[in-house]
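**Q** Could you look at this predicted model? Sequence included:
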Amino acid sequence: MLRVTGLTSQFRGRAGVVRAIDDVTFEVPEGEAVGIVGETGSGKSVTIRSVLGLLPSYGKVVSGSAEFEGTDLIRLHRSRLREIRGARIGFVAQNPFGSLNPVLSIEKQFRNVMRAHRRISRSDLRDLALERLESVQVRGPERVLRGYAHELSGGMAQRVVIALAMLHDPSLVIADEPTTALDVTVQRQILDLIDAQVKQGRRSLLLVTHDLGVVAQYCHRVVVMKSGKVVETGLVADVFTNPSHDYTRQLLAAVPPAPWAAVPSLSGPEVHR
Ligand SMILES: Nc1ncnc2c1ncn2[C@@H]1O[C@H](COP(=O)(O)OP(=O)(O)OP(=O)(O)O)[C@@H](O)[C@H]1O
C-alpha cells in the first residue's frame, strides 16, 4: 500500500541546514494499521509531511521514495499529489481548527473537498454530507452543516475533519497525533472512530502517536523513531514483548501503569482509624 524507502528530509534555517529525518524506511501493508512512535522531535511528523508533500517551503525531501499504489509520491507534480492526497489518502492532523477553514460554513467545506475531485449536485452533496456526519456521530448534523468551525467543540470539529478526510473513500488514512489537541475525555472516542472508519472501509492506517498504549490497542505494526531515524520496526506483538533496541525498551519502561493497577483492591484504599 505505502512503501517508504530511505526518506531523508532537511530544513534550511539561519543556522544552516538541519537534517530532520535520515534514511527512514518502513511499509504500511494493505488493510493494516501502522503506528509511528518516538519522543518529541524524533521525526514522526516530518516523516508523514514529507510523504504527503506538506513540508514548509524551507524544508525539502533530499532523497528517498514513498511509493503509494505504485506511484512515487515524492517525485509527483504538486497538483497530482494534491489530487491523491484528497482522494486516495485521507489526512487527519493534530489540530482540527487548523484543518477547517474558519470563514467558510461546514457545508461549503464539504462542497470544496467534494468538487476538488468529483462533480456532484448541491442537493446530492448535502445528503452525502449529512450521511457522513451521521457516520462519525456528529449530533445535529443539519445545524453543524449550516454552522462554522468555531461553533464546534474540539471533539466535534475533529469528527468533521474525519468525515471530510473519508469523503472520497481513501484507501489509506494518515493521522498525525489526531487527539493531542483534544480533551482527554474524547481522545479515545476519536481514536475508536478513526479505527471504525478504517475497518469499515478496509483501509490502511498510518498513525503517528507518542502513546505506546494507543499503538498496542489500534495497530498491527510499529515503527520506532529516534533522532530522525527508524531504530526498530515490526509487528506490535513482537516489538513490545521482545524489543531489540535499547531505546524501545526505554520507551516501554516509561509507560505509566494504568491508574487502577496501583490500587490493591477496587474497594479503595484501606481506611486507617
Ligand atoms: N518547521 C520546522 N522547521 C525547522 N525544523 C523543524 C520543523 N519541524 C520539525 N523540525 C525539526 O525536525 C525534527 C523532527 O521533528 P518532528 O516534528 O518530525 O518530530 P516529532 O517526532 O513529530 O515530534 P512531536 O511529537 O513533538 O510532534 C526536529 O529536530 C525538529 O526540530
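**A** Alright, I've got the coordinates.
**Q** Now do Asn95 against the ligand, distance only.
**A** Asn95 sits 12 Å away from the ligand, going by CB to the nearest ligand atom, to the nearest Å. Just so you know, the C-beta spots here come from the backbone N, C-alpha and C atoms, and that holds for glycine as well.
**Q** what's the burial count for the nearest residue to that residue once chain neighbours are set aside?
**A** Nearest non-adjacent residue to Asn95, counting by CB to CB, 6 or more residues apart in numbering: Ala181, 4.4 Å away. Residues near Ala181, counting by other CB atoms under 10 Å, number 16.
**Q** Repeat that for the one 3 residues further on.
**A** Residues contacting Val184 under the criterion other CB under 10 Å number 7.
**Q** who's in contact with it?
**A** Under the criterion of CB atoms under 8 Å, 6 or more residues apart in numbering, the contact list for Val184 is empty.
**Q** packing partners for the host helix or strand of Ala163?
**A** In this structure, Ala163 sits in helix 154-165 according to DSSP states H and E. Packed against helix 154-165 by the contact rule (3 or more CB pairs under 8 Å, 6 or more residues apart in numbering; DSSP states H and E) you find strand 89-92, helix 96-99, helix 106-115, helix 122-135, helix 184-200.
**Q** how about the residues of the stretch 151-273 of the chain that lie near the ligand?
**A** His210 (CB under 6 Å from any ligand atom).
**Q** Now do the phi/psi pair for the closest residue to the ligand within the stretch 151-273 of the chain.
**A** Residue of the stretch 151-273 of the chain nearest the ligand, by CB to the nearest ligand atom: His210 (5.3 Å). Here is the backbone geometry of His210 (degrees, to the nearest 10): phi -110, psi 10.
**Q** and if you look at Leu207?
**A** Main-chain torsions, Leu207, degrees, to the nearest 10: phi -120, psi 120.
**Q** ditto for the one 4 residues further on
**A** When read as degrees, to the nearest 10, the backbone of Asp211 gives phi -100, psi 110.
**Q** ok, what's across the strand from the residue nearest to it when sequence neighbours are not counted?
**A** Spatial nearest neighbour of Asp211, excluding adjacent residues (CB to CB, 6+ apart): Val37 at 7.7 Å. When assigned by DSSP bridges, Val37 has beta-bridge partners Val224.
**Q** follow-up on the earlier one: any chance of JSON lines for the helices and strands packed on helix 154-165, columns mean pLDDT?
**A** Formatted as JSON lines, the helices and strands packed on helix 154-165 follow (pLDDT from 0 to 100):
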{"stretch": "strand 89-92", "mean pLDDT": "95"}
{"stretch": "helix 96-99", "mean pLDDT": "93"}
{"stretch": "helix 106-115", "mean pLDDT": "92"}
{"stretch": "helix 122-135", "mean pLDDT": "92"}
{"stretch": "helix 184-200", "mean pLDDT": "92"}
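**Q** Tell me the secondary structure of the spatially most central residue of the chain, please.
**A** Central residue of the chain (CA atoms, centre = their mean): Ala175, 0.6 Å from the mean position. Assigned with DSSP: H, G, I helix; E, B strand; the rest coil, Ala175 falls in the strand class.
**Q** Tell me, how many residues neighbour the closest residue to it other than its chain neighbours?
**A** With sequence-adjacent residues excluded and distances taken as CB to CB, 6+ apart, Ala175 is closest to Val92, at 4.2 Å. Using other CB under 10 Å, the number of residues around Val92 comes to 24.
**Q** who are the neighbours in contact with Val92?
**A** Residues near Val92 by CB under 8 Å, 6+ apart: Ser99, Gln158, Val161, Ile162, Ala165, Val173, Ile174, Ala175, Asp176, Pro178, Ile194.
**Q** and which of those residues is nearest Glu83?
**A** Nearest to Glu83 among those is Ala165, at 14.8 Å by CB to CB.
**Q** Compute the distance between that closest one and Ser9, please.
**A** Distance from Ala165 to Ser9, counting by CB to CB, to the nearest Å: 23 Å.
**Q** That concludes my questions; thank you for your assistance.
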